[in-house]
Every structure is written in C-alpha cells, then in structure tokens.
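> Just a sequence and a predicted model for now, questions to come.
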Amino acid sequence: METSVPHELSDTFRVMHAASYWLPPDGIAQQWGTFGSESTTASAFLATSMAFSALASEAGARQHYTQGWSSHQQGSVTVLVSELTQAIEEVTEAIRQWRGATNWLNWLLIHERHEARYPATINTLHTHSTQYAQRLSVLLQAMQQEMLDTCKEQGILLSIGISKDLPHGTDEKTKVPHQYKEASR
C-alpha cells in the first residue's frame, strides 16, 4: 500500500520544500506571556502553558529538521531520516498543544465568562492558535512527504513499529498476520 499526499495537494508538495512553512513566532510568545501574567484562572494558565509547550515543540522540530538536512548535505542519509523522524514527532506534539490551548480558550470564553476579563485578547489568541495548528498540519504533511521521498530514493524501508506482542495467528518468522500473508500470495 503506497502512502501519498491527497491528490489536490500533491503538486504543491512536489514543488515546495517544507522549510517554506517554518515561521518565527513573531511576537506570539510575548502575547501569550502577557495573557498568562494577567490570568487568574486555571483554564487561562493551562492555555498559556500549552501555547508555550507548542512553541517549544516547534522550535525543537525546526532544530531537528535543520540538523537533518545539514547532515544530508554532508552525506548522511541515516541522520537525515532520524532527524526528520524527530521533527515529525515534535510537530505532531506542537499541533496537539495548539489544539489544547484552543480548547482551554474556548472553555474560558464559554464557562468562565465572568473571569474572562479580556475577551478580545482571548479571541485573538484563539485565532492565532487555530492558524498555527493549521500551518503546522501542512508542515507535517510536507515533512512526511519529504521523508517518504527520501526513503524511496535511498531504498530505505520505514518501520511503523511492530510490537513484540504479536496477535494470535501471526507468522513468527515474517511478523505478518496469516490473513495478510495469504492475501499476498
């Protein structure tokens, strides 16, 4: 089974490099810091915490991504694949954290209206959080495509992590469930 980018996005990913999706936080950390310093509720602090966690994960992802391609220029495909894997994991975590921040902002607006002293700020942060999660989702797809293309070009087989606890009816030698083995014959 071949994994690919949805057809309507495939041409975009073929011509664009994932690096074009990296954006600096451009004051977003300062906005969240100001919001957090003026907060008095658990949900506001949780939203702030998740936003900073998302920013940290994205910064880590960018570092792994840059190191991976730098190593590739020096001839190390193995390091590239390892660093891309780490970058993908970090971006996935950043997306999760931005979505969490958005959820806590929703909670704050809906359930703690009396505590939400700054609804315009909360709406702005909510919009930014949603946009960051969407941008990172596009970045994630582009990086996954880069990973697939790199592995395909180099003849590297990607592992999806098969557990030692194999389901009943699995061929121990090939680690393939019997029903799939039979279907491929």
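Arrived safely.

> distance of the closest residue to residue 94 other than its chain neighbours from residue 120?
Nearest non-adjacent residue to residue 94, counting by Cβ to Cβ, 6 or more residues apart in numbering: residue 57, 3.8 Å away. (Glycine included, C-beta is placed from N, CA and C.) Using Cβ to Cβ, to the nearest Å, residue 57 is found at 27 Å from residue 120.

> Comparing these two, which residue is more hemmed in?
For residue 57 and residue 120, the more surrounded residue by other Cβ atoms under 10 Å is residue 57, and the numbers stand at 21 against 7.

> Who are the packing partners of the host helix or strand of that one?
Assigned by DSSP states H and E, residue 57 belongs to helix 42-73. Counting contacts by 3 or more Cβ pairs under 8 Å, 6 or more residues apart in numbering; DSSP states H and E, helix 42-73 is packed against helix 28-37, helix 77-111, helix 119-154.

> so where's this protein shaky on pLDDT?
For the chain, the stretches flagged by pLDDT under 70 are 1-20, 23-25, 114-117, 159-185.

> let's see 80
1-26, 112-118, 157-185 (pLDDT under 80).

> related to what we said a few turns ago, pretty sure the residue nearest to residue 94 sits against residue 97.
Yes - using Cβ atoms under 8 Å, residue 57 is in contact with residue 97, at 6.2 Å.

> Now do the contacts for the residue nearest to residue 104 when sequence neighbours are not counted.
Among residues not flanking residue 104 along the chain, residue 47 sits closest, at 3.6 Å (Cβ to Cβ, 6+ apart). Residue 47 makes contacts with 35, 100, 101, 102, 104, 105, 108, 125, as judged by Cβ atoms under 8 Å, 6 or more residues apart in numbering.

> How about residue 39?
Contact analysis of residue 39 by Cβ under 8 Å, 6+ apart lists 45, 48.

> switch the cut-off to 6 Å
When contacts are counted by Cβ atoms under 6 Å, 6 or more residues apart in numbering, residue 39 touches residue 45.

> Checking it next. Helix, strand or coil?
Per DSSP: H, G, I helix; E, B strand; the rest coil, the local secondary structure of residue 39 is coil.

> From residue 109, how far out is it?
Distance, residue 39 to residue 109, using Cβ to Cβ: 13 Å.

> do residue 79 as well
Distance of residue 79 to residue 109, computed by Cβ to Cβ: 45 Å.

> Then residue 51?
For residue 51, the distance to residue 109 equals 16 Å [Cβ to Cβ].

> Of those two, which one has the most company?
residue 51 (29 against 15).

> Go ahead and confirm the more buried one touches residue 100.
No - Residue 51 is not in contact with residue 100 according to Cβ atoms under 6 Å; the separation is 8.9 Å.

> Pull the residues that contact stretch 78-95.
54, 57-58, 60-61, 64-65, 67-68, 71-72, 133, 136, 139-140, 143, 147.
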